[in-house]
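> Curious how this folds, go ahead:
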Amino acid sequence: KPNFETLISNARNAQFEGNYIKSIRFYWQALGQANNNPEIWDELSEVYLLDNQLANAETTALEAIRLSP
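Numbers count the residues shown, from 1 in each chain. This next block holds a predicted model:
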């Protein structure tokens with residue numbers, strides 16, 4: 001099972017490569033280990049926005065704000 005740092009690195013690399021679906025999958029796996037991390041919710045929101053998943057982008061952005069007002 002990959003550790004948190006590996007998952008985040010994989011998510012960021014996939015985003016950089018334009019593979020947003022893969023990036024989203026890695027972010028969700030990372031959140032499974034640290035779902036109280038507002039920075040990761042924010043990064044996930046950005047990837048959803050890049051992938052034009054606006055409702056998901058809004059929901060995850062609101063979660064980031066809730067965790068770190």
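> Now do the spatially most central residue of the chain, the pLDDT please.
Central residue check for the chain by C-alpha atoms, centre = their mean: the C-alpha nearest the mean position is that of residue 44, 2.3 Å away. In this model, residue 44 is scored at 98, pLDDT.
> That one: which element?
Assigned by DSSP states H and E, residue 44 belongs to helix 38-50.
> residues of that helix that come out buried?
Across helix 38-50, burial judged by 16 or more other C-beta atoms under 10 Å covers 40-49. Heads up, the C-betas are built off the backbone N, CA and C, glycines and all.
> ok, back up a step: check which helix or strand covers the residue lying closest to the residue nearest to the centre of the chain once chain neighbours are set aside.
Nearest non-adjacent residue to residue 44, counting by C-beta to C-beta, 6 or more residues apart in numbering: residue 27, 4.2 Å away. Assigned by DSSP H and E, residue 27 falls within helix 20-31.
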